[in-house]
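A.B. asks: sequence plus predicted model, see below.
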Amino acid sequence: MEEIIFQEEQVLKLVGFKTKEEVLSEIADTLCQQGIVKETYKEAILNREKEFPTGLNTGGINLAIPHADVAHVNKPAIAIAILDKPVEFQAMDEPEQTIFVQVVVMLALKEAHGHIEMLQKVVGLIQDQELVKQVIELEDKTEICNKIKGKLF
């Protein structure tokens with residue numbers, strides 16, 4: 001399995017975004033500029049989000065875990081966006097329900113079975129609400145990256 005890319009360049013602090021579409025587009029555009037995903041990735045992410053929402057209600061700081069089909073990915077990577085203000089996402093388990101998400105963990109993986117394994121690790125990260133809170137409060141992308149790497153890799 002190829003090594004999953006996750007460095008400071010994949011940590012985004014997003015300010016002033018108001019919709020999930022803006023947030024998802026920004027993350028996808030960043031991954032595209034880095035050569036990690038294909039041009040088709042953004043549209044695939046946005047379409048998949050409509051059909052299969054990715055918001056997770058944690059009872060604390062809510063997250064979303066969007067991903068697209070492996071066909072749209074050049075190199076496996078994870079991007080994390082920390083929003084200054086939560087935006088509305090549909091809940092994964094109850095799509096008619098909206099929740100406010102402050103952290104988005106976007107998966108760009110090359111192997112379909114890799115999604116399940118990484119999703120399990122991301123769920124572990126989400127359950128550690130103390131860590132999520134620290135990550136939101138940190139300004140330094142290297143520190144954010146190191147904290148998250150400790151949980152995911």
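C.D. replies: Looks like it arrived, so ask away. These numbers were taken from a predicted model, which means no experiment stands behind them.
A.B. asks: phi, psi of residue 97?
C.D. replies: Dihedral angles of residue 97 (phi, psi; degrees, to the nearest 10) stand at phi -100, psi 140.
A.B. asks: now for it: which residues touch it?
C.D. replies: Residue 97 sits next to 57, 90, 91 when contact means Cβ atoms under 8 Å, 6 or more residues apart in numbering. The way it works is simple: take the backbone N, C-alpha and C, and place the C-beta from them, glycine included.
A.B. asks: and the strands in this structure, which stretches?
C.D. replies: Under the criterion DSSP state E, strands of the chain are mapped to 11-14, 55-56, 62-64, 77-90, 98-108.
A.B. asks: let's have those in a markdown table, adding mean pLDDT.
C.D. replies: Listed next are the strands of the chain as a markdown table, based on pLDDT from 0 to 100:
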| stretch | mean pLDDT |
| --- | --- |
| strand 11-14 | 98 |
| strand 55-56 | 96 |
| strand 62-64 | 96 |
| strand 77-90 | 97 |
| strand 98-108 | 97 |
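A.B. asks: residue 149: which of the ones you listed is closest?
C.D. replies: Closest approach to residue 149 among the strands of the chain (Cβ to Cβ): strand 77-90, 9.7 Å.
A.B. asks: what helices or strands is the closest one leaning on?
C.D. replies: strand 11-14, helix 20-33, strand 62-64, strand 98-108, helix 129-137, helix 141-152 (3 or more Cβ pairs under 8 Å, 6 or more residues apart in numbering; DSSP states H and E).
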